[in-house]
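**Student:** What follows is a predicted protein model with its sequence.
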Amino acid sequence: MWGKRRRAWIGLLTAACLAAAAVAGFATHGAHSATATAQPNCTLANGAKHVIYLQFDNTHYRRDNPDVASDLEQMPHLLNFLKDNGTLLTNDHTILISHTAGGILSSLTGLYPDRHGQAVSNSYDYFKANGLPAFTSSFKYWTDTVDGSDDSLPNMAGEGGQTAPAPWLTYTAAGCNVGGVSAANIELENTSTAASGDMTRVFGSGSPEWTEASTDPTKALADFVGIAIHCAKDAALCNSPNAKPDDATTVPGSDNGYTALFGAKYVNPAITGGQPCVNDTSGQPITDGHGNCGFPGFDGALAKNTLGEVAQMQENGVPVTFAYISDAHDNHTLFRASGPGEADYKQQLAAYDAAFASFFTRLQHDGINKSNTLFVVTVDEGDHFAGGTGTPDPANPGALAYTHAFCTTLNACPANQIGEVNANIKAALPATEPGFDIHFDDAPTFYVNGQPSRTDPSVRQLERDVANTSLPNPYAGGTATPIAQRLADTVEEQTLHMVTSDPKRTPTFTMFGDPSFFFTTGNGCKSSSTDPGFAECVDYHFAWNHGDVQDEIGNTWLGFVGPGVANRGIDAKTWTDHTDVRPTLNALIGLTDSYRSDGRVITEILDKNALPKDLHGGGDRVAQLGAAYKQLNAPFGEFGQQTLVASTAALKSPSALTYDAIEALIANLTAERNVLAGQISTALNDAAAGNGSIDQGQARSWITKANDLLDRAKTLAAGS
């Protein structure tokens with residue numbers, strides 16, 4: 001959400017609140033059809049005619065307070081739909097660093113961040129030509145570059161510095177129109193008219209759209225950002241003068257004859273019979289906070305708005321849709337966080353539940369249901385709640401109340417205080433540190449000026465100082481708490497898939513911190529100009545931290561319903577992560593990407609008759625191989641987490657010999673891991689594509705080797 005969460009880097013969220021009232025001057029607002037319009041050339045497997053993919057921001061299956069129902073429990077229409085009709089996996093995991101951009105992009109592509117470019121999100125630093133780090137946003141349209149002349153590589157930097165494969169290409173090539181509603185980077189993300197901005201990239205400098213963004217960015221946000229349709233070749237929807245070439249890379253002319261509609265101004269009339277506004281699930285037009293029909297802002301991607309736009313697309317010739325729903329635990333009108341059980345939090349979840357009830361009823365009426373539609377519903381990350389216990393709210397029986405005010409006396413914050421502990425990390429460290437910048441986060445990445453090597457004495461001293469720094473924690477009675485729980489430099493960052501093909505954006509090192517803290521380099525909420533404190537205050541505007549390595553952050557959920565999906569209810573055992581979504585979705589609809597996925601088909605949740613034949617023959621051995629592969633290669637898998645323990649010991653150590661020895665062992669283990677994981681991944685990808693079955697003897701050998709590497713990583717961690 002705001003600022004550090006979603007997209008405040010472009011200052012657009014002033015338009016993110018929704019107007020519930022109808023827009024004057026329109027007689028009808030996107031009335032939907034009784035029967036969905038099919039797209040005859042879109043041929044999918046297992047009887048599927050539609051794909052509906054929904055990704056929440058920070059929405060939980062687990063309870064954050066044992067006495068308060070979880071987010072999903074408070075949305076029973078969604079929860080019951082998933083567990084009663086398919087499989088809800090509750091042992092799913094995010095990537096690192098686990099933020100909205102990285103989580104969505106790994107789910108959409110099946111690639112770890114080192115292969116799609118967003119290893120640090122929702123923003124990141126890159127080193128300019130003068131050696132100084134500069135800030136930029138992860139959220140840019142797919143074919144944008146980083147920022148100007150200092151780094152002209154794609155923002156979505158894939159292998160070899162090429163543009164990472166866009167997630168719609170496989171489906172448009174199969175004859176399916178693909179809709180995007182607020183999902184990361186597959187629609188325009190900003191109204192920037194800079195040379196590397198979205199408006200320039202898609203519409204061109206001096207175009208009417210570009211001019212509108214220059215003169216009225218608020219209206220341009222509603223008109224052009226957040227909504228798109230990528231059309232199959234020669235599709236009627238894009239037979240419009242408003243359609244633009246749908247480039248696949250940063251190179252103009254890489255569209256291969258495909259076109260797309262960008263923005264509600266052009267999408268909405270194409271799916272409503274000419275009307276400028278689409279209705280939300282309550283029947284009201286979707287508008288921004290100024291009454292403009294169109295995109296309501298990313299913070300305004302409430303369930304009723306996103307689901308209304310998705311339904312309208314699905315009913316009118318867009319059978320594949322990827323969409324984002326904003327989180328429920330931030331108050332989207334009062335600019336503050338809400339705590340578990342708080343009245344406005346409960347009210348927003350109730351509104352989300354009502355939206356899903358209307359959505360499912362509407363789709364059923366249109367003939368879009370579990371018999372012909374693959375539903376995939378997941379979340380980008382989990383959260384740590386930074387706050388107290390809450391107290392009974394006398395104004396709202398059955399609800400809890402929290403203190404929504406800055407707390408600047410950290411050892412005397414009230415018991416019902418809410419908010420992350422804002423800490424100025426530069427003020428907390430010795431004044432002799434080298435110049436550096438950080439990515440503001442509870443897991444900040446450090447970028448040391450000049451991009452020195454990891455063994456540079458100043459870097460090593462900075463790492464040790466960070467490891468040895470403690471700050472007062474109001475949620476622990478004001479006692480001093482170490483700020484760092486885990487540390488990784490470029491060696492371990494390689495292990496965790498955090499080093500991309502763009503060397504300019506590789507962090508010098510990463511600190512995975514105490515999850516109640518949020519680290520900055522400024523003094524934004526000091527109690528006064530003379531306040532010497534390092535942890536300036538508890539900021540009630542934000543209380544849900546993510547990006548870090550704690551289980552409550554890394555553990556998420558993933559639901560599948562539809563043709564070919566086994567009805568297993570809640571599956572708390574099968575270990576998955578974001579990269580498994582894409583290959584599993586593709587297996588269910590019979591399509592194959594042109595690249596090797598980092599994920600694997602979740603064979604445990606597919607009906608046997610829906611499994612690709614070369615995976616079907618492997619039986620339990622394929623599932624065992626897939627499980628071993630995940631523990632070996634996933635950032636939250638056992639290998640990554642154990643080597644991270646060892647990395648922390650290395651970076652904390654004052655001994656150069658100890659540091660060098662541990663780092664060398666991590667590097668060697670990672671090199672072995674990469675070879676073995678590559679072999680397993682290639683075999684699983686080939687089998688999913690029908691290019692060869694899994695050899696049983698080879699699978700047993702790979703599993704043995706994977707377990708050996710896991711044991712060696714555990715031994716290294718235990719001895720560090």
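**Tutor:** Everything's here; your move.
**Student:** Can you give me the distance of the spatially most central residue of the chain to residue 494?
**Tutor:** Geometric centre of the chain, nearest residue: residue 103, 2.6 Å, by CA atoms, centre = their mean. Residue 103 is 20 Å from residue 494, where distance means CB to CB, to the nearest Å. Using the backbone N, CA and C atoms, a C-beta is placed for each residue, glycine as well.
**Student:** one step back: right, and the residue nearest to the centre of the chain touches residue 382 too?
**Tutor:** No - under the criterion of CB atoms under 8 Å, residue 103 is not in contact with residue 382, lying 9.8 Å apart.
**Student:** Mind splitting the protein into its structural domains?
**Tutor:** 24-117+167-184+215-383, 391-545, 619-720 (automatic domain parsing).
**Student:** which one of those lies closest to residue 129?
**Tutor:** Ranking the domains of the chain by proximity to residue 129 (CB to CB) places domain 391-545 first, at 9.3 Å.
**Student:** Report the distance from the closest one to the chain centre.
**Tutor:** How far domain 391-545 lies from its chain's middle: 21 Å, per CA atoms, centre = their mean, to the nearest Å.
**Student:** do stretch 298-312 as well
**Tutor:** What separates the centre of stretch 298-312 from the centre of its chain is 17 Å, taken as CA atoms, centre = their mean.
**Student:** Show me which parts of that stretch are buried, residue by residue.
**Tutor:** Neighbour-count burial for stretch 298-312 flags 298-312 (criterion: 16 or more other CB atoms under 10 Å).
**Student:** pLDDT-wise, which helix or strand of the chain ranks last?
**Tutor:** Within the chain, no helix or strand scores below strand 535-539, which has a mean of 80 by mean pLDDT, DSSP states H and E.
**Student:** Direction included, what does the following helix or strand past that one pair against?
**Tutor:** Downstream of strand 535-539, the first helix or strand assigned by DSSP states H and E is strand 544-545. Strand 544-545 pairs in its sheet with strand 384-385 (antiparallel), by DSSP bridges.
**Student:** what does the partner strand contact?
**Tutor:** Contact with strand 384-385 is made by 64-65, 339-340, 442, 515-516, 543-546, 548, 550, 552-553, as judged by CB atoms under 8 Å, 6 or more residues apart in numbering.
**Student:** Adjacent strands (with direction) for the next helix-or-strand element following it?
**Tutor:** Note on strand 384-385: by DSSP H and E, the next helix or strand toward the C-terminus is strand 391-392. Strand 391-392 pairs in its sheet with strand 400-401 (antiparallel), by DSSP bridges.
**Student:** the inter-axis angle of whichever helix or strand comes after the strand it pairs with versus strand 535-539?
**Tutor:** For strand 400-401, the succeeding helix or strand toward the C-terminus, using DSSP H and E, is strand 420-424. Counting by axes from the mean of the first three to the mean of the last three CA atoms, to 10 degrees, strand 420-424 lies at 150 degrees to strand 535-539.
**Student:** list the helices and strands strand 420-424 packs on?
**Tutor:** If contacts are counted by 3 or more CB pairs under 8 Å, 6 or more residues apart in numbering; DSSP states H and E, strand 420-424 sits against strand 470-473, strand 517-520, strand 535-539.
**Student:** if we go to 7 Å?
**Tutor:** Judged by 3 or more CB pairs under 7 Å, 6 or more residues apart in numbering; DSSP states H and E, strand 420-424 is in contact with strand 517-520, strand 535-539.
**Student:** Reformat the ones you listed as JSON lines; add mean neighbour count and distance to residue 225.
**Tutor:** Output for those, formatted as JSON lines (neighbours: other CB atoms under 10 Å; distance: least, CB to CB, whole Å):
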{"stretch": "strand 517-520", "mean neighbour count": "24", "distance to residue 225": "27"}
{"stretch": "strand 535-539", "mean neighbour count": "24", "distance to residue 225": "28"}
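**Student:** With distance to residue 354 as extra columns, can I get those strands in a markdown table?
**Tutor:** Converted to a markdown table, those look like this (distance: least, CB to CB, whole Å):
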| stretch | distance to residue 354 |
| --- | --- |
| strand 517-520 | 33 |
| strand 535-539 | 31 |
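**Student:** Residue 589: what's it in contact with?
**Tutor:** 44, 45, 46, 48, 51, 374 (CB atoms under 7 Å, 6 or more residues apart in numbering).
**Student:** Excluding chain neighbours, what is closest to it?
**Tutor:** Counting by CB to CB, 6 or more residues apart in numbering, residue 589 lies nearest to residue 44, which is 4.1 Å off, once chain neighbours are set aside.
**Student:** Would you confirm that residue 47 contacts residue 372?
**Tutor:** Yes - assessed by CB atoms under 7 Å, residue 47 is found in contact with residue 372 at 6.0 Å.
**Student:** higher neighbour count, those two?
**Tutor:** Shown here are residue 47 and residue 372; by other CB atoms under 10 Å, residue 372 has more neighbours (17 against 14).
**Student:** if you count residues, which helix in the protein comes out on top?
**Tutor:** In the chain, assigned by DSSP state H, the helix with the most residues is helix 656-688.
**Student:** ok, residues contacting the strand or helix carrying residue 704?
**Tutor:** Using DSSP H and E, residue 704 sits within helix 696-719. Contacts of helix 696-719 from elsewhere in the structure, counted by CB under 7 Å, 6+ apart, are 618, 621, 624-625, 628-629, 631-632, 638-639, 642-643, 645-646, 665, 669, 672-673, 676, 679-680.
**Student:** Check stretch 99-112 too.
**Tutor:** Counting by CB under 7 Å, 6+ apart, 5-6, 55, 57, 94-95, 113, 116, 118, 121-122, 138-139, 164-165, 167, 183-185, 322, 324, 378, 380-381, 497, 546-547, 578-579, 581-583, 597-599 sit against stretch 99-112.
**Student:** Return the subset of those residues lying in strands.
**Tutor:** Those of the contacts of stretch 99-112 mapping onto strands are 55, 322, 324, 378, per DSSP state E.
**Student:** In a markdown table, list those along with distance to residue 719.
**Tutor:** Conversion of the ones in strands among the contacts of stretch 99-112 to a markdown table gives the following (distance: CB to CB, whole Å):
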| residue | distance to residue 719 |
| --- | --- |
| 55 | 40 |
| 322 | 45 |
| 324 | 44 |
| 378 | 37 |
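**Student:** about what we covered before: return the subset of the buried residues of stretch 298-312 lying in helices.
**Tutor:** Those of the buried residues of stretch 298-312 lying in helices (DSSP H): 303, 304, 305, 306, 307, 308, 309, 310, 311, 312.
**Student:** Export these to CSV and append columns for distance to residue 652 and pLDDT.
**Tutor:** Shown next, in CSV, are those (distance: CB to CB, whole Å; pLDDT from 0 to 100):
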residue, distance to residue 652, pLDDT
303, 44, 98
304, 49, 98
305, 47, 98
306, 44, 98
307, 48, 98
308, 51, 98
309, 49, 98
310, 48, 98
311, 53, 98
312, 54, 98
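**Student:** any common contacting residues for residue 47 and residue 372?
**Tutor:** With contacts defined as CB under 7 Å, 6+ apart, the residues shared by residue 47 and residue 372 are residue 563.
**Student:** contacting residues for residue 669?
**Tutor:** 643, 709, 712, 713.
**Student:** do that again at 8 Å, thanks
**Tutor:** With the criterion set at CB under 8 Å, 6+ apart, residue 669 makes contact with 495, 639, 643, 709, 712, 713, 716.
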